[in-house]
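*Asks:* Prediction below, plus the sequence it came from.
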Amino acid sequence: MKSELLLLIAVSLCVHSKPLSGTAKRTFNKLLLISFDGFRWNYDEDVDTPNMDALVKEGVKAKYITPPMITMTSPSHFTTITGRWIEDHGVVHNMMFNSTSLLKLTHKATLKRSEWWDNGALPLWITAQNQGLKTASFFYPGGGANYSGQAVDRSLVEAFDHPDDNETEWRQNIDTVMDWFTKEDFDFVTLYYGEPDNVGHMVGPETNERRKIIAQIDRTIGYLREAIQKNSLANSLNVIITSDHGMTTIKKNPDVKEIKLSEYMNFLTLTHFDLLDYGGFGMIRPRKGQEQAVYDALKNAHPNLTVYKKEEIPENFHFAKNSRIQDIVLIGDLGFNLNSRFIFYVNKGDHGFSNEEMDMKTIFRAFGPDFKKNYLSEPFNSISIYPLMCKLLGVKPAPNNGSLSDTEGMLLENFDACGRIHISVSLLTIMTLLSSLI
Ligand SMILES: [Zn+2]
């Protein structure tokens with residue numbers, strides 16, 4: 001009876017721990033966010049993936065998730081890490097560009113260029129660090145930049161010639177991240193892999209090479225599961241595995257009439273700047289006074305090409321309200337790349353198409369001490385990963401566009417209860433005092 005009463009008191013103190021603030025301090029588990037670039041939502045369906053299958057039973061799987069418009073690596077990754085739409089975080093393309101000076105930099109050349117990434121939206125690394133956590137980025141896009149002068153505590157940035165598919169290196173990177181958690185007490189780490197995007201571009205998504213790289217990813221996830229056990233992190237590390245967009249097969253002549261914009265307009269006389277020949281999304285800045293002429297030339301030019309003036313871009317795309325978005329925006333139907341003057345584009349697979357297309361949807365898996373087991377989540381927008389990560393880490397979120405209601409159902413029912421509140425010395429004193437009175 002006495003012990004039952006004590007338990008009741010303890011539970012009630014625990015549940016009402018708020019008024020005791022300062023006496024009860026909750027601790028939060030660590031978090032690892034892994035992104036496999038270009039992992040289409042259904043890539044595991046035609047490959048044997050025993051480790052990913054095991055994760056379905058051990059944790060959470062979403063049927064699929066929807067990346068933001070524009071379905072590209074840097075814009076989408078930065079939405080995941082900031083919880084902001086692309087028009088708010090300003091990373092509107094993989095290429096850094098300036099439509100006045102005509103500067104264009106490749107994706108990898110942007111990775112340390114803070115002026116491309118730092119537009120006022122704080123990524124989670126920085127928000128978490130400002131609240132006392134230790135964070136790191138291993139190749140994750142945006143992790144190499146400074147935000148209002150602040151750098152991520154530890155950041156590794158991919159070199160230009162970094163190979164995407166070296167399985168040995170993939171395992172070494174997991175070992176490194178495990179060391180960061182165990183030996184250096186990092187709280188939050190983001191880890192990025194360039195596959196299966198690279199293979200998807202080179203040979204297309206419906207190929208044996210793509211299936212082989214998914215099997216390699218599955219083995220890597222198996223290695224991760226073992227590493228978590230070996231490092232005794234199973235009870236203190238949550239893991240989210242996701243991606244930035246899907247992949248689709250590019251439609252080519254003679255099956256279709258490809259889009260080549262120079263057939264419909266004169267670039268030399270009408271355009272000042274263009275960002276084309278980069279998958280299914282493109283932008284044009286016309287010469288002064290030629291906006292309507294460019295629009296008229298392209299509007300009904302090709303049955304698989306959609307043309308918007310900036311002010312016509314549908315609001316639900318959430319990328320119009322940014323000064324980096326140019327006057328004319330072009331989107332190809334699924335599989336139709338936007339070629340400007342020549343068709344030299346050799347990619348067999350690509351992305352950048354509408355995020356409503358199933359081929360652009362991507363994956364979400366999660367497991368660890370705070371996640372339910374064998375839980376199948378309905379689809380949601382990738383932007384809602386951000387508030388989930390904040391909740392897992394106990395970080396007060398920066399302003400964001402995500403919805404915790406999309407994702408919190410995957411957490412254990414007692415996440416908000418006192419399961420992991422560490423009973424402080426003063427709380428123990430109260431309990432001891434009470435026990436002596438009973
Ligand atoms: Zn890509």
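*Replies:* That came through, no problem.
*Asks:* Distance of the closest residue in space to D88 that isn't next to it in sequence relative to T73?
*Replies:* Excluding the flanking residues, the one nearest D88 by Cβ to Cβ, 6 or more residues apart in numbering is A121, at 5.8 Å. Any C-beta I mention is one placed from the backbone N, CA and C, and that applies to glycine too. In this view, A121 and T73 are 17 Å apart by Cβ to Cβ, to the nearest Å.
*Asks:* re earlier: may I have the phi/psi pair for the residue nearest to D88?
*Replies:* Dihedral pair for A121: phi -90, psi 120, per degrees, to the nearest 10.
*Asks:* L31 sits in which helix or strand?
*Replies:* For L31, the host element (DSSP states H and E) is strand 30-36.
*Asks:* partners of that strand in the sheet?
*Replies:* Sheet pairing of strand 30-36 (DSSP bridges) gives strand 188-193 (parallel), strand 237-242 (parallel).
*Asks:* which one of the ones you listed is the most hemmed in?
*Replies:* Of all these, strand 188-193 has the most neighbours on average by mean count of other Cβ atoms under 10 Å, namely a mean of 26.
*Asks:* picking that back up, in a markdown table: the strands paired with strand 30-36, plus distance to M96 and mean pLDDT.
*Replies:* A markdown table is the format used below for the strands paired with strand 30-36 (distance: least, Cβ to Cβ, whole Å; pLDDT from 0 to 100):
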| stretch | distance to M96 | mean pLDDT |
| --- | --- | --- |
| strand 188-193 | 18 | 98 |
| strand 237-242 | 24 | 98 |
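*Asks:* Take these and lay them out in a markdown table including distance to H162.
*Replies:* Shown next, in a markdown table, are these (distance: least, Cβ to Cβ, whole Å):
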| stretch | distance to H162 |
| --- | --- |
| strand 188-193 | 11 |
| strand 237-242 | 21 |
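*Asks:* Tell me the spacing between N339 and T249.
*Replies:* From N339 across to T249, the span is 16 Å (Cβ to Cβ).
*Asks:* again, but for F39
*Replies:* To T249, F39 is 16 Å away according to Cβ to Cβ.
*Asks:* For the stretch 151-300 of the chain, which segments count as strands?
*Replies:* Under the criterion DSSP state E, counting those that start in this stretch, the stretch 151-300 of the chain contains strands at 154-156, 188-193, 237-242, 248-249, 259-260, 271-275, 281-286.
*Asks:* Identify all contacting residues around the fifth one.
*Replies:* Contacts to strand 259-260, defined as Cβ atoms under 8 Å, 6 or more residues apart in numbering, come from residues 302, 304-305, 332, 336-343.
*Asks:* Buried among those residues? Make that a PyMOL selection.
*Replies:* Buried residues among those (16 or more other Cβ atoms under 10 Å), as a PyMOL selection:
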select buried, resi 302+304+305+332+336+337+338+339+340
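*Asks:* can you redo the contacts of strand 259-260 as CSV with pLDDT and secondary structure?
*Replies:* Putting the contacts of strand 259-260 into CSV (pLDDT from 0 to 100; DSSP: H, G, I helix; E, B strand; the rest coil) gives the following:
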residue, pLDDT, secondary structure
H302, 98, coil
N304, 98, coil
L305, 98, strand
G332, 98, strand
F336, 97, coil
N337, 95, coil
L338, 95, strand
N339, 95, strand
S340, 96, coil
R341, 94, coil
F342, 91, coil
I343, 89, coil
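*Asks:* Turn the contacts of strand 259-260 into a markdown table, columns for distance to S403.
*Replies:* Putting those into a markdown table (distance: Cβ to Cβ, whole Å) gives the following:
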| residue | distance to S403 |
| --- | --- |
| H302 | 37 |
| N304 | 33 |
| L305 | 33 |
| G332 | 30 |
| F336 | 32 |
| N337 | 33 |
| L338 | 32 |
| N339 | 38 |
| S340 | 38 |
| R341 | 43 |
| F342 | 44 |
| I343 | 41 |
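*Asks:* Out of the contacts of strand 259-260, which comes closest to M389?
*Replies:* M389 lies nearest to G332 out of the contacts of strand 259-260, by Cβ to Cβ, at 32.7 Å.
*Asks:* So the closest one sits against L338, correct?
*Replies:* Yes. Using Cβ atoms under 8 Å, G332 is in contact with L338, at 5.2 Å.
*Asks:* Identify the contacts common to the two.
*Replies:* 259, 280-281, 305.
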